[in-house]
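K.L.:
Just a sequence and a predicted model for now, questions to come.
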2 protein chains.
Amino acid sequence: MALRPVTRRSVSDQVFDQLLDEVVDGELPAGEPLPSERRLAEVLGISRPAVREALQRIAQTGLVEVRQGGATLVRDFRRAAGLDLLPRLLVRGGRLDTSIGRSVIEARAEVGPGIAALAAERGGPALAASLDGVTETMAATIDPVEWQVLALDYWDLLVDGADSMVFRLMYNSLRAAYEPALPALAAVLADEVGQVEPYRLLTAAVRAGDAATARAAAARVLTPTADTLLSAFAAMGDDR
Amino acid sequence: MALRPVTRRSVSDQVFDQLLDEVVDGELPAGEPLPSERRLAEVLGISRPAVREALQRIAQTGLVEVRQGGATLVRDFRRAAGLDLLPRLLVRGGRLDTSIGRSVIEARAEVGPGIAALAAERGGPALAASLDGVTETMAATIDPVEWQVLALDYWDLLVDGADSMVFRLMYNSLRAAYEPALPALAAVLADEVGQVEPYRLLTAAVRAGDAATARAAAARVLTPTADTLLSAFAAMGDDR
DNA sequence: CGTCCCAACTGGTCTGACCACTTGACCACA
DNA sequence: TGTGGTCAAGTGGTCAGACCAGTTGGGACG
């Protein structure tokens, strides 16, 4: 029998999730005041410190604004939230939001080549050698999930090579959104497993320090996945 | 006389900032355990709930990992943190980190044209009309700071037009990093005030729905600023 | 030598109290 | 009429001390 690790979620975790969902779903409209901490504690049947911890975390993400003496106000997350919110938006209530998914793919297609270009300028042969290592492993992989993990590792190295903190943090945020859905996505992308040639071309461009070629090669690495996923999203959207 | 609003920072705010700085500065190396909550409370002379609120917020940003029963561990923020951390990294201890600043400029140059292209595809004449409004105001502006604010407003509209949640959140994060430094940057960029023509060309491309032209026009809007800032950063770096 | 168990940590939660601040209503005074 | 002062009620901020729940490591026991 397939046992899975039990997940014990703390009280404040659960409150955090509930509040976040309500804000994101618009059940708590922007500008609206939240119930007071005491009231929330009473309604939820928990203590005030637990409520406060959840609220502080919500405030940390920019979804609410708490002011001493006044009420805690809901903010418009579209304007106030940062990229860290992405994982929560991408999969909501166990379902993948295809319009968010589409924008992830678009952003990936836009940002990826730029990262590759910077990596080609700055990474040099040392980076290319590391990339070779991952590529070789990919060539020997037939499991779709493992393939996706290796692809992420490849990009991880590339991002390191780009030597840009902003792209590194962007990558972290995108990866955090991507990973929970990885098993599901891997199934859709099973046909790509074994297509190492685009990666090899990209690595070659990095080794040569040729930014323009790397940019084009990165686009060729990303395009098949993007096309597959976009059409899959479109099919899912039609279901409704 | 120029009065400014007094800033009262809560105890947990201060603890949050202290811990965050220590992690980012590497004084608390990744993998290292944090002192226990009780110990922190004792050392800092505050109560445990205050410490906990700060720790929960730190954990929310991915900088530490807290486990019941075990110690709270510091994580490598380069791998665990998301783009929301950027403002904290860009200006640290009141000083602007030029290497982070450089990567912000690079990312902007990379992402901006992509946003413009999407906006051209999806925004249409309605978006162009809004953009015109901002551009007209810019043409009548001579104050450098106000100019920068309007430039941000222009991009804000463009991001809306791109109709992409990922780019929206990226923009929010970048803007959050950008805005605190805006007055200082505005002084460096004073020469650009009044250069509305690139914006007009970009708006025209959006109105025409011409993605390729919009992409190029966006690059032309961004390049002068990027060059100016990068050389300013280089000069600052030389000071050391 | 391996196994088990327990004590001493850790974080998680609760209670109830008090402080600091904001808000709005009310009132006195110009 | 409006200006400022006062006050009570409600909000978030902080504290203390206690107990629950999970982890860890070492020592007793087989």
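P.N.:
Here it is on my side, so go on.

K.L.:
use CA for all of it now, contacts and neighbours both
P.N.:
Noted.

K.L.:
For chain A, what lies in contact range of DNA strand D?
P.N.:
A:8, A:34-39, A:49, A:52, A:66-72 (CA under 7 Å from any atom of the strand).

K.L.:
Report the mean per-residue pLDDT for the lengthiest helix in chain A.
P.N.:
Longest helix in chain A, counting residues (DSSP state H): helix A:211-239. Helix A:211-239 shows a mean pLDDT of 90.

K.L.:
Need the three-state assignment for the most centrally placed residue in chain A.
P.N.:
Closest to where the C-alpha atoms of chain A average out (CA atoms, centre = their mean) is A:Ala177, at 2.2 Å. Here A:Ala177 is recorded as helix under DSSP: H, G, I helix; E, B strand; the rest coil.

K.L.:
What separation do you get for the residue lying closest to it once chain neighbours are set aside and DNA strand D?
P.N.:
Excluding the flanking residues, the one nearest A:Ala177 by CA to CA, 6 or more residues apart in numbering or on different chains is A:Pro87, at 4.0 Å. For A:Pro87, the distance to DNA strand D equals 25 Å [CA to the nearest atom of the strand, to the nearest Å].

K.L.:
Past the host helix or strand of A:Pro87, which element shows up next along the chain?
P.N.:
In this structure, A:Pro87 sits in helix A:86-90 according to DSSP states H and E. Per DSSP H and E, helix A:86-90 leads on to strand A:91-92 as the next helix or strand towards the C-terminus.

K.L.:
quick one on the thing from earlier: any idea of the mean pLDDT for the helix holding A:Pro87?
P.N.:
Here the average pLDDT along helix A:86-90 is 96.

K.L.:
Other residues contacting that helix?
P.N.:
Contacting residues not belonging to helix A:86-90 are listed as A:24, A:96-98, A:100-101, A:173-174, A:176-178, B:166, B:169 [CA atoms under 8 Å, 6 or more residues apart in numbering or on different chains].

K.L.:
what about 6 Å?
P.N.:
With contact meaning CA atoms under 6 Å, 6 or more residues apart in numbering or on different chains, helix A:86-90 is reached by A:Leu96, A:Asp97, A:Ile100, A:Ala177.

K.L.:
and these, which of them are in helices?
P.N.:
Using DSSP H, the contacts of helix A:86-90 in helices are A:Ile100, A:Ala177.

K.L.:
Just the closest of the contacts of helix A:86-90 to DNA strand D, please.
P.N.:
Nearest to DNA strand D out of the contacts of helix A:86-90 is A:Ala177 (CA to the nearest atom of the strand; 25.4 Å).

K.L.:
From B:Ala204, how far out is the closest one?
P.N.:
35 Å (CA to CA, to the nearest Å).

K.L.:
where in chain A is pLDDT low?
P.N.:
The model of chain A has pLDDT under 70 over residues A:1-7, A:237-240.

K.L.:
just the helices in it please.
P.N.:
A:11-24, A:37-44, A:48-60, A:77-80, A:86-90, A:98-122, A:124-139, A:144-162, A:165-178, A:182-188, A:197-208, A:211-239.

K.L.:
Out of the ones you listed, the one nearest B:Ala109 is which?
P.N.:
Taking CA to CA, helix A:98-122 is the member of the helices of chain A nearest to B:Ala109, at 9.4 Å.

K.L.:
Can you get me the centre-to-centre distance for the closest one and its chain?
P.N.:
Taking CA atoms, centre = their mean, to the nearest Å, the mean C-alpha location of helix A:98-122 is offset from the chain mean by 12 Å.

K.L.:
Is there proximity between that helix and chain B?
P.N.:
Yes. Against chain B, helix A:98-122 shows contacts by CA under 6 Å from any CA of the partner chain at A:Ser103, A:Val104.

K.L.:
Phi first, then psi, for the residue of chain A most remote from its centre.
P.N.:
The centre of chain A is farthest from one residue, A:Gly69, which by CA atoms, centre = their mean lies 36.5 Å away. Dihedral angles of A:Gly69 (phi, psi; degrees, to the nearest 10) stand at phi 90, psi -30.

K.L.:
ok, it to B:Leu118 distance?
P.N.:
44 Å.

K.L.:
got it, and A:Arg57?
P.N.:
From A:Arg57 to B:Leu118 the distance is 33 Å (CA to CA).

K.L.:
A:Val111 now?
P.N.:
13 Å.

K.L.:
where do the contact lists of these two overlap?
P.N.:
What both A:Val111 and B:Leu118 touch, as defined by CA under 6 Å, 6+ apart, is an empty set.

K.L.:
Among those two, which residue is more densely surrounded?
P.N.:
B:Leu118 (24 against 20; other CA atoms under 10 Å in any protein chain shown).

K.L.:
So which bits of chain A are right by DNA strand C?
P.N.:
Residues of chain A lying near DNA strand C (CA under 7 Å from any atom of the strand): A:9-13, A:45-50, A:67-70.

K.L.:
domains for chain A, by residue range?
P.N.:
By the record's domain assignment, chain A is partitioned as A:11-81, A:86-239 (automatic domain parsing).
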